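Undergrad: No letters, just coordinates:
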């Protein structure tokens, strides 16, 4: 049987430890092509590059895969890979491993997850992986078996059209991870508090800052599962229609 | 009765004709504060500025409103306005009028809609408006009465938590607009075709290009309504969980 073709991307940049670990895990499952940003793209959400041009080059990194560094966003990487790099549709697109959580509302800010969503829009199987550890020296190997098993499960049991997976991994040693839980996106938000500074010329400038406020303690929310030591898996869709509100809105919007 | 406080933002930049028209329409309804990007931010999706700093300044533009230009993305504008500019929560946040469509899948790439979604995450009433005309000289006045009426309807009938509106306006003369239709997001995608060029130094570079492929001819889809001459209103949510797939995924992800 032909080995699966796996496209790997991320938002921390092609040389980040998170993606290098993911590539090494995927090399054991299939043929891997990497198309990832040539610079960090955290928090880029579903941004695409419209008013600027893109360049890319093959770079030599350890392993049997082929690596292409693109001067764009994570979503650009998926679009570019499909149009210009790959000669056939990949069997799956995996994004990450992100340095930091993309659970709950973070899914909408995340370049890692937006790459996975874009692959879903393209009709492909896709998973985003994130580790709850921002450190560059984070241990990405502790969840290797789970990550490989989740990818294999999806290859064997394709997701329905319009759905991709958001997988978050707690910052725990391998033996402390309790297992995997399928969850909903927790209701949470960031409470902003911009940090004001003054530059040497006397002008004020600001750093985005704040704290994460989880308002959802329900048992089936991803934040709950992560806090309990589970890997959370949320099925994510990109039909954003609030179908359950269509009828009521229709009565309100009569003119 | 106190006039409603209306925060206005966009993604085409604070001086774009689309937002200037929206501001003038909103000045007739409430007290308006504008916090909008100081440069074009189209296609920025839900991007936020993490690895750079922000500056802002008040600028003088025609009308009774106050205008602040921020050096960030549309989502930054909403976050910054709430934390640093406004002294109380706005009664509604309106974003646009975008120069170009944000119907169907475009909602996920759109800075205009991401600003509205961010306002929703903050627990606010929010609407994004877009005109199906990219031209800088587009006629934004033809839908003035509809835009004002939709804003008033939402002020009088608050949207449920977790829902914002995506309003798209066909490129038609005032008398040709057939009315308003509440719709679902059409199933559609962009078919990429990056445009390859060669720079004066012999290096290849690429422009993102392609065409829009609407695969959804259903009567209740936004693309259908727009093609028929209606203003489309899609209720948009940011709980991306594919709730209908949770149970099946749970059986697949047993280890």
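TA: Everything's here; your move. Because the structure is predicted, anything quoted here is derived from the model rather than measured.

Undergrad: now check the longest helix along chain A, is it near chain B?
TA: Criterion DSSP state H: the longest helix present in chain A is helix A:144-156. Yes - for helix A:144-156, a contact with chain B is found by CB under 8 Å from any CB of the partner chain, at A:146, A:149, A:150, A:153. In this view, the C-beta of every residue, glycine as well, is placed from N, C-alpha and C.

Undergrad: Neighbour-wise, which one of the residues you listed leads?
TA: residue A:150 (22 neighbours; other CB atoms under 10 Å in any protein chain shown).

Undergrad: and it, what does it touch?
TA: Residue A:150 is in contact with A:127, A:165, A:167, A:180, A:233, B:253, counting by CB atoms under 8 Å, 6 or more residues apart in numbering or on different chains.

Undergrad: Bridging across strands, which residues link to the fourth one?
TA: Translated: residue A:180. residue A:231 (DSSP bridges).

Undergrad: Same check on the second one?
TA: In this structure, residue A:165 has beta-bridge partners residue A:127, residue A:235, where bridges are defined by DSSP bridges.

Undergrad: Look at it and report its pLDDT.
TA: Confidence at residue A:165, expressed as pLDDT, is 98.

Undergrad: still on that earlier bit, which two in the contacts of residue A:150 are spaced the farthest apart?
TA: Farthest apart among those by CB to CB are A:127 and A:180. That separation is 12.5 Å.

Undergrad: Which one's more surrounded, those two?
TA: For residue A:127 and residue A:180, the more surrounded residue by other CB under 10 Å is residue A:127, and the numbers stand at 25 against 22.

Undergrad: Looks like that one contacts residue A:169 (just checking).
TA: No - using CB atoms under 8 Å, residue A:127 makes no contact with residue A:169, being 12.0 Å away.

Undergrad: how many neighbours does residue A:196 have?
TA: Residue A:196, neighbours per other CB under 10 Å, totals 11.

Undergrad: any idea how far residue A:192 is from residue A:86?
TA: 39 Å (CB to CB, to the nearest Å).

Undergrad: of those two, who's got more company?
TA: residue A:192 (18 against 14).

Undergrad: list the contacts for that one?
TA: Taking CB under 8 Å, 6+ apart, one finds A:208, A:209, A:210, B:79, B:80, B:82, B:83 in contact with residue A:192.

Undergrad: How about residue A:59?
TA: A:14, A:67, A:68, A:69.

Undergrad: now the helices: where do they sit in the stretch 101-250 of chain A?
TA: Ranges of helices within the stretch 101-250 of chain A are A:111-121, A:144-156, A:222-227, A:246-252, based on DSSP state H, counting those that start in this stretch.

Undergrad: What residues sit buried inside stretch A:189-204?
TA: A:189, A:190, A:192, A:194 (16 or more other CB atoms under 10 Å in any protein chain shown).

Undergrad: Find out how far it is from the centre of the chain, if you would.
TA: Distance of stretch A:189-204 from the chain centroid (CA atoms, centre = their mean, to the nearest Å) equals 28 Å.

Undergrad: Same question for stretch A:167-187.
TA: Using CA atoms, centre = their mean, the offset of stretch A:167-187 from its chain centre is 15 Å.

Undergrad: tell me how far the ends of that stretch are from each other?
TA: 17 Å (CA to CA, to the nearest Å).

Undergrad: How about it, which residues are buried there?
TA: A:167-170, A:172, A:177, A:180-187.

Undergrad: any chance of these in JSON lines, with distance to residue A:34 too?
TA: As requested, the buried residues of stretch A:167-187 are exported to JSON lines (distance: CB to CB, whole Å):
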{"residue": "A:167", "distance to residue A:34": "19"}
{"residue": "A:168", "distance to residue A:34": "22"}
{"residue": "A:169", "distance to residue A:34": "20"}
{"residue": "A:170", "distance to residue A:34": "26"}
{"residue": "A:172", "distance to residue A:34": "27"}
{"residue": "A:177", "distance to residue A:34": "26"}
{"residue": "A:180", "distance to residue A:34": "25"}
{"residue": "A:181", "distance to residue A:34": "29"}
{"residue": "A:182", "distance to residue A:34": "28"}
{"residue": "A:183", "distance to residue A:34": "29"}
{"residue": "A:184", "distance to residue A:34": "31"}
{"residue": "A:185", "distance to residue A:34": "28"}
{"residue": "A:186", "distance to residue A:34": "31"}
{"residue": "A:187", "distance to residue A:34": "35"}
